[in-house]
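Undergrad: below is the sequence, then the predicted model.
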Amino acid sequence: MVDIINFKPISLDELAELVEELGSIRGRHTELVSVLVPSGANLNTVIDQLEAEKSTARNIKSATTRKNVIEALEKAMRVLRMLNQTTPKNGIAVFAGNVAQVEGQSDMRTWAIVPPEDLNMRLYRCDQIFIVDALKEMLEAKEIYGLVVIDRQECTIGLLEGKRIKILQHLDSGVPGKTRAGGQCLSPDTLIETKNGTKRINDIKIGEEIKSLNIRENKIIYSKCINKWKKTKREIINIKTEKNNLICSYDHLLFLWIDNSLVEINAGVVEPGAILLDNFLKAEKIISINSEKEEKELIDIEVEARNFFANGLLVHNSSQRYERIVEGKAKDFYRECAEALKKHFFERKTLKGIIIGGPMPTKDNFLKEGLLVTELKNKVIGMKDIGYANEHGIELLVEASGDLLEQQEIIKEKKLMERFFDMLGKQRDKTTYGYDNTKKALEMAAVDTLFLSKKLDKKISAELKKMAEDISAKLEVISIETEEGQQFYNLGGIGAILRYAFNTQPSK
């Protein structure tokens, strides 16, 4: 068998064939040598290492194994010396050893190739198999997808390179968890003044007009109650003033009178001595604040004026302001995430698509509110419901997206075959199929795109691939996973779209 020595970068298709060939070989003993050298490495250092390994190999007890290991090392060193101390741009991979499957026979082979991408690692190994993991990763990395999992609290961005997941960035939002009205509530016995008299907040009906304050005009008004709900809390605050008291949740907002103006303050941070306003707009000092740890059902209402009087004290309408703040922060977070996606994905020209995961409707809101640049938005190939937005969520997203990833290749293949069959019917003089006629078109440099079935005989496939490469024709390998791919294989598994009209007849 002929050794393969090639100091020019090989194609991914050639690499796939080589990896398959090397991966199928098993040595009779530990005598297969693998040497990987990255670009820029000192070749003399590598050769010196192999010389040292050759000296060590002289101690191997088995004469046959000793002979085979030493000869494999010598072949590898011979290849490296041929480089004249200059490592190729993408590095070099050398494999040497006795591949004979019969004990006692010798079939010493050498493969030396420059990979299509940077090797980025140095390795020497003598084993019963050739070490091709680094080359396999190059084959996987040609399929690159952006991954995003996002909820209102966090976002994780990653890449799927072949079958390998790479985490790029994690962001935390600081956005409060979304609850109805933020859980800012009052005791059910809190007294509320309405146009129809004073009522417990528990008895207030939606649509009733409630005593409120027009803050801009500093004028008492009546404003409609537009919503009402219950909320259970485990800890409450009892605020006592000179004339009143108020039982509320920690996050309920109060209006403090500070320097002749109203200031919104969370009840949980208010201190004795602070000034509230009563229902006659008179100042009322807080005497004491006590915390009570007991589970209690509280009530909150939403009022058009965004404030109302509770137990004679002015309090904030919690719902609208809280939700407005939360939604504003969420939008800011979505935009921060969109900028991060732009940083990581915009310049990746090989990115085939972006998949977004997260709970409903967060992922949809992200696309709507995040101001993601159009070029990236157009690359979104699908969205999945995922309950996590951390690294584990990225893993779940990949597991859930098998259909999307597979479908991308299927769609591409279907479109290629649809074009080929369409031209075969409508522009017969610009297409060909079958071995003889396609080979003839290749010899005349008439082929623009060569199609070969993945199930085609390897020897024939290698021959036609080499001819296509020599004339710089595009190559597409077609699977039999689609109806169109199977139809193409049944046609012979060989075809081409031509650069110009070329009179040929299909082989019988």
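TA: Received, thanks.

Undergrad: the helix or strand containing I286 pairs with which strands?
TA: Using DSSP states H and E, I286 falls within strand 283-292. Here strand 283-292 is paired, per DSSP bridges, with strand 236-241 (antiparallel), strand 275-277 (antiparallel).

Undergrad: quick one: closest of these to L405.
TA: strand 236-241 (51.5 Å; C-beta to C-beta). Any C-beta I mention is one placed from the backbone N, CA and C, and that applies to glycine too.

Undergrad: now do the buried residues in that closest one.
TA: Going by neighbour count (16 or more other C-beta atoms under 10 Å), the buried part of strand 236-241 is 236-237, 239, 241.

Undergrad: pLDDT below threshold where in the stretch 101-250 of the chain?
TA: Scanning the stretch 101-250 of the chain for pLDDT under 70 picks out 140-142, 162-163, 175-184.

Undergrad: can you name the residues in contact with stretch 293-304?
TA: Contacting residues not belonging to stretch 293-304 are listed as 181, 183-188, 190, 192, 201-202, 204, 210, 212, 223-236, 248-249, 308, 317-320 [C-beta atoms under 8 Å, 6 or more residues apart in numbering].

Undergrad: and the helices in the stretch 401-508 of the chain?
TA: Taking DSSP state H, counting those that start in this stretch to define them, one finds helices in the stretch 401-508 of the chain at 402-426, 435-443, 458-470, 483-490.

Undergrad: name the residues that touch the third one?
TA: For helix 458-470, contacts defined as C-beta under 8 Å, 6+ apart pick out 11, 13-14, 17, 435, 438-439, 442-443, 447, 450, 452, 474-475, 494.

Undergrad: show me which pair in these is furthest apart.
TA: That would be E17 and E443, which, of the contacts of helix 458-470, are the farthest apart (C-beta to C-beta) at 22.7 Å.

Undergrad: more neighbours: which of those two?
TA: Comparing E17 with E443 by other C-beta atoms under 10 Å, the one with more neighbours is E17, at 16 against 12.

Undergrad: quick check: can you list the domain ranges of this structure?
TA: Domain assignment for the chain by automatic domain parsing gives 4-137, 144-175+325-405, 180-322, 406-498.

Undergrad: for the last one, measure first residue to last.
TA: Spelled out, it's domain 406-498. 29 Å (C-alpha to C-alpha, to the nearest Å).

Undergrad: phi, psi for F95 please.
TA: Torsion angles at F95 (phi, psi; degrees, to the nearest 10) stand at phi -130, psi 130.

Undergrad: secondary structure element for K342?
TA: Counting by DSSP H and E, K342 is part of helix 318-345.

Undergrad: average pLDDT for that helix, rounded please.
TA: In this model, helix 318-345 has an average pLDDT of 79.

Undergrad: what packs against the very next helix or strand once past it?
TA: Counting by DSSP H and E, the element after helix 318-345 in chain order, helix or strand, is strand 351-358. In this structure, strand 351-358 packs against strand 144-150, helix 318-345, helix 362-369, strand 380-385, helix 391-400, helix 402-426, with contacts taken as 3 or more C-beta pairs under 8 Å, 6 or more residues apart in numbering; DSSP states H and E.

Undergrad: work out the gap between the fifth one and the centre of the chain.
TA: To tie it back to what came earlier, the one meant is helix 391-400. Chain-centre distance of helix 391-400: 9 Å, with C-alpha atoms, centre = their mean, to the nearest Å.
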